[in-house]
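**Q** Model the structure of this input:
(chains A and B)
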Protein chains: 2
Amino acid sequence: MQDALLLSARPGIIQFSLGLPSPDLFPVEVVTAAFADLLSRGSSPLQYGPPTLTLKSHIVSLMRTRGVECTERQIFLTNGAQQAVYLIVGILLEQGREVIAEELCYPGFQQIIGFYKPEILTVPSDRQSGMDVERVEWYLERGARPAFIYAIADGHNPLGTTLSDEKRQRLITLCCRYSVPIIEEDPYGFLSYREGAMPPLKARQADLVFYVGSFSKILAPSLRIGWLVVPEKYIPYLAILKESLDIDTATLSQHLAARMLDSGFLSQHLARLCSAYKCHRDTMLAGLSACFPDGSQWSTPDSGVFIWVQLPEAFDATHLLKTAVDGYGVAFMPGSAFCIRRNDTTAHSSLRMNFSYPSTDLIKEGVLRLGAMFAATTLGRTNGLNQNREHIANPWAG
Amino acid sequence: MQDALLLSARPGIIQFSLGLPSPDLFPVEVVTAAFADLLSRGSSPLQYGPPTLTLKSHIVSLMRTRGVECTERQIFLTNGAQQAVYLIVGILLEQGREVIAEELCYPGFQQIIGFYKPEILTVPSDRQSGMDVERVEWYLERGARPAFIYAIADGHNPLGTTLSDEKRQRLITLCCRYSVPIIEEDPYGFLSYREGAMPPLKARQADLVFYVGSFSKILAPSLRIGWLVVPEKYIPYLAILKESLDIDTATLSQHLAARMLDSGFLSQHLARLCSAYKCHRDTMLAGLSACFPDGSQWSTPDSGVFIWVQLPEAFDATHLLKTAVDGYGVAFMPGSAFCIRRNDTTAHSSLRMNFSYPSTDLIKEGVLRLGAMFAATTLGRTNGLNQNREHIANPWAG
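**A** Sure, this is the predicted structure:
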């Protein structure tokens, strides 16, 4: 990811690769005012300090908007969602235990479990309804007792899927029946583009679901604040482990976030983010329809920041990436980057496209450039995309 | 440590227990101005970003003031010094290898190696000249090949010692002869109270010394920024490990620290800190002489923020702590908290006293209270401290 950050920093590259927030939507004025206010009252935000209780209270309120009832004593603050997952995996994963995860899976999670080298029982994912819960049941019925099931129910990374209501219920029923915990990573769940979004898994089962949240996509990534919502008995273990890793999460960031939320601006800010990102998403979808090869498939994400595009099988996305960056100035993530198994058969021709970071103008330009790239390839030509460069030049007109 | 933070937050407790900076010496105005300036130029400090190169350049300059020549490519930024040690231990410590550390050792380091459970070859420490390097040699001569030697050459935690020039040279000679790396933790080395302070071990040997620095004691702990200076070939391994743990160090903190250092205020700020802490130290030393039981021993630290006090052996410092907090409103760290071996024979009657956090007035008041506590104990009385409460009431007069 650091490499991808460096790549995306190259001037002129249109960046669909990472899950970065839009630079145009950061609450700069709110941050600036909060910081000035913070230090006008004394130097204590610069000192070591215990986790900020007011920030935990704001998180309790925020979780309530998603239908999760919890208390400050169940919240554990972390250095971003990644550390939250690292910590809870360290606590749940005993040596020799297997875990259940989807075949296509966030690489940050794969890095974490790479330390422990458990057997990973993989399940496929439906591109509409998410994780194949029947396969989960199949494992459990046959005696598997994994340390946990790793799930992203909303705005799935990399697939963009929303786990269906029926599957959520089934998954919770299974985890209760077999006493298997779920790690629910939810950095994108607050970015929802449809009315009546479903509550996270945590809202249905408090004791077995270990929820991971983050301010990275809804306030600012550079604060590096994530959180866990877990049964209270796990908090002391998390505290000991966290203290060994890095003593504490940047207290200045904690105070700053708390002061920002004190102003009550977040609900309006979230509405603004959702409205803007929905527009980004629709712009990208229109472009894909117009510019991508016949036979390409994708779904409309209800939440999050990614669209998963399945190209016709003859395409090799990793190979295409080099052409796209060097020849057309556009970056994306090839699907193979997300495969838990190296020999996944469909991911090689897939790509993950982020729509939150680039402006709608850059989304149009970037998708047009990719369209030109497809048109220029032999494969693109066989898909009939070469002749009609004019036609795809402005799918957003009118 | 989180428990100690909570204890120290109790109103009315005079706090000699933790290594916190003085709340009166934080550069509040510089931080405030730097933050306002930072965001006036755009929102990029709020975004994800690669490690901040300008901050690395400032660290290169800062290391040069200590006699260490390095480049930006050898600097790795971390979430405080604790994470720096966690990362480098993870890289250097192969399974089954032993390590060398002092019998009295920073608990944060003990927590880290607790994950790996190596055999720890302990060496004693002289209260004046630091680590017993002859014992290190004894191990190496007999065939020990530890994964690393853990050392704090300046402002030792908990002992307050400065490793002597002769021992520094001997330790470096040994690490070269036997190809054994040294992890040099140096959060306190910039707080030096004598002319002509020695350069750190890193200045004498660049390839085998892995240096850990921190802004926590010299700018602000709540920024949570530490750094490693290591041979460049280790940087990619550190980057992979760090990314798994928490993606990156709070980028906002990095930008903020860099902007603060841009102003060139640090050398003056360090001079101010050293001058003030020297005064704190001398105030505490005068108080110890006047108020602590006959037969107590301590050394004058040349750097750092701790004084190690050895009480007469009949005292039990852990037992005293409860009396000190509950009866006299004063907290310190009992020596046993730092023992690698549980059966250490002298540490039980020792205590670590911090002089950076409390003001000189609170240092006076706290040491007087401890004096009253000693005077009130049977042990204090046998040491002739009970009769003359007036005598110890104002050792700082005149």
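
**Q** Next to chain B, which bits of the stretch 1-150 of chain A? Give me the list.
**A** A:1-2, A:5-6, A:9, A:18, A:20-21, A:23-24, A:26, A:28, A:31-32, A:35-36, A:39, A:42-50, A:78-80, A:82-83, A:86, A:108, A:111-112, A:114-115 (Cβ under 8 Å from any Cβ of the partner chain). (Glycine included, C-beta is placed from N, CA and C.)

**Q** go on, the stretch 151-300 of chain A?
**A** Checking the stretch 151-300 of chain A against chain B by Cβ under 8 Å from any Cβ, the hits are A:216, A:220-224, A:239-240, A:243-253, A:255-256.

**Q** Any of those residues buried? List them.
**A** A:216, A:220-224, A:239, A:243-253, A:255-256 (16 or more other Cβ atoms under 10 Å in any protein chain shown).

**Q** Next, name the residue at the spatial heart of chain A.
**A** residue A:157 (4.7 Å; Cα atoms, centre = their mean).

**Q** so that residue, which of the three states?
**A** Of the three states, residue A:157 takes coil according to DSSP: H, G, I helix; E, B strand; the rest coil.

**Q** Now do the contacts for it.
**A** Contacts for residue A:157 (Cβ atoms under 8 Å, 6 or more residues apart in numbering or on different chains) come out as A:19, A:106, A:187, A:188, A:304, A:306.

**Q** Recalculate using a threshold of 7 Å.
**A** Counting by Cβ atoms under 7 Å, 6 or more residues apart in numbering or on different chains, residue A:157 makes contact with A:19, A:106, A:304, A:306.

**Q** got it, and residue A:259?
**A** A:34, A:37, A:38.

**Q** Secondary structure element holding it?
**A** Residue A:259 belongs to helix A:251-262 when elements are defined using DSSP states H and E.

**Q** chain center to that helix, what's the gap?
**A** Distance of helix A:251-262 from its chain centroid, counting by Cα atoms, centre = their mean, to the nearest Å, is 23 Å.

**Q** bridging residues for residue A:227?
**A** Note on residue A:227: beta-bridge partners residue A:77, residue A:213, judged by DSSP bridges.

**Q** and it, how many neighbours?
**A** 25 (other Cβ atoms under 10 Å in any protein chain shown).

**Q** Hmm, it is touching residue A:76, no?
**A** Yes: Residue A:227 is within contact range of residue A:76, at 6.5 Å (criterion: Cβ atoms under 7 Å).

**Q** rewinding a little: wait, which of the contacts of residue A:157 is closest to chain B?
**A** residue A:19 (8.9 Å; Cβ to the nearest Cβ).

**Q** Look up how far residue A:247 lies from the closest residue in space to residue A:90 that isn't next to it in sequence.
**A** Setting aside the residues directly before and after it, residue A:90 is nearest to residue A:241 in space (Cβ to Cβ, 6 or more residues apart in numbering or on different chains), at 5.9 Å. Between residue A:241 and residue A:247 the distance is 12 Å, computed by Cβ to Cβ, to the nearest Å.

**Q** Tell me, what's the model's pLDDT at residue A:6?
**A** If you check residue A:6, the pLDDT there is 66.

**Q** thinking the residue nearest to residue A:90 is in contact with residue A:89, fair?
**A** No: taking contacts as Cβ under 7 Å, residue A:241 lies outside contact range of residue A:89: 10.6 Å.

**Q** check whether stretch A:303-321 contacts chain B.
**A** No: shown here: stretch A:303-321 not in contact with chain B (Cβ under 7 Å from any Cβ of the partner chain), separated by at least 12.7 Å.

**Q** Can you tell me, leaving aside adjacent residues, what's nearest to residue A:286?
**A** In space, residue A:286 is closest to residue A:395, 5.4 Å off (Cβ to Cβ, 6+ apart).

**Q** hang on, the one you found packs against residue A:287?
**A** Yes: taking Cβ under 7 Å as the definition, residue A:395 is a contact partner of residue A:287 at 5.9 Å.

**Q** Neighbour count for those two, which is higher?
**A** residue A:287 (24 against 18).

**Q** who's in contact with that one?
**A** Residue A:287 neighbours (Cβ under 7 Å, 6+ apart): A:363, A:364, A:367, A:395.

**Q** Now do the helices in the stretch 251-398 of chain A.
**A** A:251-262, A:266-291, A:317-328, A:360-376, A:378-382 (DSSP state H, counting those that start in this stretch).

**Q** buried set for the second one?
**A** Neighbour-count burial for helix A:266-291, with 16+ other Cβ under 10 Å as criterion, is recorded at A:266, A:269-270, A:273-274, A:276-278, A:280-285, A:287-288, A:290-291.

**Q** I'd like to check the angle between that helix and helix A:360-376, please.
**A** 20 degrees (axes from the mean of the first three to the mean of the last three Cα atoms, to 10 degrees).
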